[in-house]
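> Structure for this input, please:
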Amino acid sequence: MYIRKTTKKVKDKTYENYLLVQSVMTPKGPRQKTICSLGHLKPRPRKEWLLLAQKVETALKGQITFEKEEPEVKEIVEKAKAFESQEKRALKDKDDVVSIHTDKVQMERAREAGPVHVGYQFWKKLKIDEILKQAGFSEKVRLLTLLMVMNRLVAPSSEHKMPNWINSIALSDILSVDLVSLNDDALYRNLDKLHPKRDIIEALLTEKEKSLFDLDDTIYLYDLTSTYFEGMCLSNPQAKRGYSRDKRFDCKQVLVGLVIDRDGFPKAHEIFPGNRKDSTTLEEMLDILEKRVPKRKGATVVVDRGMAFEDNIDEIKGKGYHYIIATRQAERNQYLDEFEKGEFHPLLRSISSTNPSQKKSGVFIKKMEQGDELYVLCISDKRSEKDKAIREFHEKKLIADLKKLVKRIATGRLKKEEKIYEAIAGIKERYPRIIRYYRIEYDSLMKELSYQENAEKKSVAESLDGSYMLRTDRTDMSDDDIWRTYSLLTRCENAFRNMKSPLCERAIFHQLEERVQTHIFLSILAYHLLVAIEKTLSDEAIHTSWLTVKDTLKTHQVATVILATTSGEILKIRKGVNAEPEHLEIYKNLSIPSEVMKPIKTWHSSNIVTERTRKLL
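Okay, here's the model as predicted:
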């Protein structure tokens with residue numbers, strides 16, 4: 001595009017007018033097409049005309065621009081769009097019936113559309129764009145955030161690789177925006193813009209989801225996981241080495257605390273230093289929860305044994321919540337006699353089921369009243385096998401490491417006493433489950449290391465395989481209901497699995513603290529979409545994961561059909577391919593349209609687009 005000056009003389013007065021013009025190719029050769037009239041164009045000197053025309057052309061194409069929007073450019077774009085609308089109305093009456101050469105029909109630019117179509121429809125359903133606007137973000141920031149969340153939901157990658165992925169799928173078709181000029185610098189800057197308002201976005205989103213899905217806010221499930229980094233992370237004070245759930249003890253990490261409701265929807269999250277103890281995070285997390293979600297009187301907080309300390313229980317009660325908590329092993333061991341007694345009854349997993357075989361859970365429970373609290377003693381067949389396997393696995397590794405240490409000392413490879421005790425301490429730290437029933441002694445005079453199994457303690461550990469104990473102040477609940485409520489914690493584990501597997505929240509390559517926190521926040525936004533999709537399917541009695549849905553919809557695509565007409569022109573139609581039966585079934589169950597985009601028709605001559613471009617209505 002460029003700007004052309006025209007003059008018109010009426011009587012003795014000369015009038016100047018400026019036109020926004022575009023060169024187009026027609027069957028008769030190149031011609032100039034007037035996009036719109038610009039009037040006098042007084043504010044701009046002639047040397048700036050070309051730059052102004054380029055900015056207008058970029059805006060008309062829908063490309064993302066990373067410069068501040070100019071009022072004059074916006075005004076010209078509005079004029080051009082109004083002029084284009086008049087042309088479209090004129091073209092609407094044109095006959096769509098054309099003669100084509102069937103042997104010259106071609107297709108091009110096939111792009112995957114199904115998964116991002118579902119993601120975008122749920123983005124709209126959760127009204128996240130409105131939430132971002134309410135939080136004060138511009139249209140550009142909202143668009144970039146949408147792109148980044150879609151990437152985490154569908155095909156997670158780094159910000160550096162994200163632009164290539166975005167332009168390899170049908171997102172630009174679905175959004176009707178040209179994304180060719182998107183670059184990673186804009187995405188990195190967008191992380192910085194989102195960071196200060198994460199809490200506002202989270203609070204508004206949880207409020208919206210509660211009304212959309214009629215969510216129960218009487219149960220809050222809290223758990224933590226770790227996520228590791230690649231690199232030294234010298235600029236991130238939260239990056240520390242600690243207990244790694246990912247078994248990456250060689251890497252620095254942060255902890256992610258997450259509170260969800262009984263349906264799996266996130267309520268609040270926080271990022272903690274990687275070396276922080278789980279039990280020290282509860283008070284802070286409850287304060288954050290109260291800022292994100294209006295406090296529900298009488299709600300129950302459910303946490304695992306890592307939080308089972310008296311000060312944490314006092315903190316929960318002090319904030320007006322009830323609690324259900326798995327006790328620590330030391331507390332459980334006090335009730336060994338009770339576990340050895342009978343009086344356990346089998347837990348029925350599904351009361352409403354008419355098939356008795358579906359009711360068995362393999363869990364046996366009994367309750368004990370202790371003042372104003374209830375203790376629920378639990379024995380699980382499956383957990384017994386798991387506990388035994390874990391214990392034997394760690395015990396085998398412990399013995400192997402002890403034998404190696406004995407050999408190092410005996411052969412003189414390890415001589416310094418302080419180094420020997422450091423090695424012993426390292427072994428104790430690696431095997432906290434097993435070391436309790438082993439006694440390790442070092443004779444500094446004989447220069448010998450010995451170890452011996454404590455048969456009594458090991459016997460206690462074996463007798464407690466598969467057993468655990470719950471503690472609660474919910475005396476109004478049955479022991480069955482207490483166990484079922486506690487078992488909802490597995491949904492936290494499922495949330496972490498989803499964040500780490502299909503959403504690929506780890507490993508993190510960012511080195512700055514704020515960008516790490518926003519990277520994790522984007523994963524949580526993607527998880528909001530994921531759990532909303534799975535909840536919608538679950539409400540239709542379809543228990544299908546997002547991973548399965550995504551794989552099924554990969555074959556639903558957008559493509560361009562190229563038709564060579566007998567008049568010598570070429571007609572290109574950009575549209576979604578017809579959805580297959582399995583696609584239609586998913587769209588129906590999710591209550592979203594099967595049409596990915598409105599078809600776009602363009603006429604070409606000699607492979608160059610002419611002025612006749614319009615959308616099919």
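
> thinking Glu373 is in contact with Leu470, fair?
No: with contacts counted by C-beta atoms under 8 Å, Glu373 stays clear of Leu470, the gap being 10.4 Å. All C-beta atoms are positioned from the backbone trio N, CA, C, and that covers glycine.

> The biggest strand by length in the chain - what's its average pLDDT?
Taking DSSP state E as the criterion, the chain has its longest strand at strand 13-26. Mean pLDDT, strand 13-26: 73.

> Sheet partners, orientation included, of that strand?
Sheet pairing of strand 13-26 (DSSP bridges) gives strand 2-10 (antiparallel), strand 29-39 (antiparallel).

> Rebuild those strands as a markdown table, extending it with mean neighbour count.
Supplementary listing: the strands paired with strand 13-26 in a markdown table, determined by neighbours: other C-beta atoms under 10 Å:
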| stretch | mean neighbour count |
| --- | --- |
| strand 2-10 | 12 |
| strand 29-39 | 14 |
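
> Which among the ones you listed is found nearest to Ala308?
Of all the strands paired with strand 13-26, strand 29-39 sits nearest to Ala308, with 70.2 Å by C-beta to C-beta.

> Would you mind checking the average pLDDT for the closest one?
Strand 29-39 comes out at a mean pLDDT of 71.

> Check the offset of that strand from the chain's centre.
Centroid separation for strand 29-39 versus its chain: 47 Å, with C-alpha atoms, centre = their mean, to the nearest Å.

> After it, which helix or strand is next?
The C-terminal neighbour of strand 29-39 among helices and strands, as given by DSSP states H and E, is helix 49-60.

> Restrict that following helix to CA atoms and write it as PDB.
Output of helix 49-60 as PDB, limited to C-alpha atoms (Å, rounded to 0.1, in the frame of the first residue of the first chain):
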ATOM      1  CA  TRP A  49       3.500   8.600   4.000                       C
ATOM      2  CA  LEU A  50       5.000   5.200   3.200                       C
ATOM      3  CA  LEU A  51       5.500   4.400   6.900                       C
ATOM      4  CA  LEU A  52       1.900   5.400   7.600                       C
ATOM      5  CA  ALA A  53       0.700   3.200   4.800                       C
ATOM      6  CA  GLN A  54       2.700   0.200   6.000                       C
ATOM      7  CA  LYS A  55       1.200   0.600   9.500                       C
ATOM      8  CA  VAL A  56      -2.300   0.700   8.100                       C
ATOM      9  CA  GLU A  57      -1.700  -2.300   5.900                       C
ATOM     10  CA  THR A  58      -0.300  -4.300   8.900                       C
ATOM     11  CA  ALA A  59      -3.400  -3.400  11.000                       C
ATOM     12  CA  LEU A  60      -5.800  -4.300   8.200                       C
END
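
> rewinding a little: any idea of the angle the longest strand of the chain forms with helix 49-60?
Strand 13-26 and helix 49-60 are oriented at 50 degrees to each other (axes from the mean of the first three to the mean of the last three C-alpha atoms, to 10 degrees).

> can you pull the buried residues of strand 13-26?
Neighbour counts over strand 13-26 (16 or more other C-beta atoms under 10 Å) mark 18-22 as buried.

> Distance to Val77 for the residues you listed - can I get that in CSV?
Below are the buried residues of strand 13-26 laid out as CSV (distance: C-beta to C-beta, whole Å):
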residue, distance to Val77
Tyr18, 15
Leu19, 15
Leu20, 10
Val21, 15
Gln22, 14
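
> Chain neighbours aside, what residue packs nearest to Tyr587?
Leaving out its chain neighbours, the residue that sits closest to Tyr587 by C-beta to C-beta, 6 or more residues apart in numbering is Ser594, at 4.6 Å.

> Provide the secondary structure category for the one you found.
Following DSSP: H, G, I helix; E, B strand; the rest coil, Ser594 is assigned to coil.

> How many neighbouring residues does it have?
Neighbours of Ser594 under the rule other C-beta atoms under 10 Å: 15.

> got a pLDDT number for it?
Taking Ser594 on its own, its pLDDT is 94.

> With the one 4 residues further on instead?
pLDDT, the model's per-residue confidence, is 91 for Lys598.

> do Lys47 as well
For Lys47, the predicted pLDDT is 69.

> Secondary structure element holding Ala389?
Short version: Ala389 belongs to helix 381-410, going by DSSP H and E.

> Three-state assignment for the closest residue to Ile100 other than its chain neighbours, please.
With sequence-adjacent residues excluded and distances taken as C-beta to C-beta, 6+ apart, Ile100 is closest to Leu563, at 4.6 Å. Recorded secondary structure, Leu563: strand (three-state DSSP).

> for Leu563, what are its contacts?
98, 100, 104-105, 570-573 (C-beta atoms under 8 Å, 6 or more residues apart in numbering).

> so the helix or strand hosting Glu429 versus helix 381-410, what angle?
Per DSSP H and E, Glu429 falls inside helix 417-430. Here helix 417-430 runs at an angle of 170 degrees relative to helix 381-410 (the same axes, to 10 degrees).

> Buried residues in helix 417-430, which are they?
420, 423-424, 427.

> cool, stretch 167-186 as well?
Applying 16+ other C-beta under 10 Å to stretch 167-186 flags 169-175, 177, 179, 182, 186 as buried.

> re the thing from before, looking at Glu373 and Leu470, which is more packed in?
Shown here are Glu373 and Leu470; by other C-beta under 10 Å, Leu470 has more neighbours (24 against 14).

> where does the more buried one land in three-state SS?
Following three-state DSSP, Leu470 is assigned to strand.

> So in terms of bridging, what pairs with it?
Under DSSP bridges, the beta-bridge partners of Leu470 are Ala326, Val376.

> Pick the one among the buried residues of stretch 167-186 closest to Pro294.
Leu175 (33.9 Å).

> Could you pull up the contacting residues of that closest one?
Counting by C-beta under 8 Å, 6+ apart, Leu175 has contacts 120, 143, 146.

> From what I see, the first one and Met150 are in contact.
Yes: under the contact definition of C-beta under 8 Å, Tyr120 touches Met150, with a separation of 6.9 Å.

> more crowded one of the two?
Set Tyr120 next to Met150 and count neighbours by other C-beta under 10 Å: Met150 wins out with 24 against 21.

> Would you mind listing the buried residues in whatever helix or strand the more buried one lives in?
Using DSSP H and E, Met150 sits in helix 139-154. Under the neighbour-count criterion of 16+ other C-beta under 10 Å, helix 139-154 has 141-154 buried.

> Please render those residues as CSV that adds distance to Arg4 to the earlier fields.
CSV is the format used below for the buried residues of helix 139-154 (distance: C-beta to C-beta, whole Å):
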residue, distance to Arg4
Val141, 36
Arg142, 36
Leu143, 33
Leu144, 35
Thr145, 40
Leu146, 38
Leu147, 37
Met148, 41
Val149, 43
Met150, 41
Asn151, 42
Arg152, 47
Leu153, 47
Val154, 45
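
> hey, where'd the helices end up in the stretch 501-617 of the chain?
Counting by DSSP state H, counting those that start in this stretch, residue ranges of the helices within the stretch 501-617 of the chain are 513-539, 546-553, 581-590.
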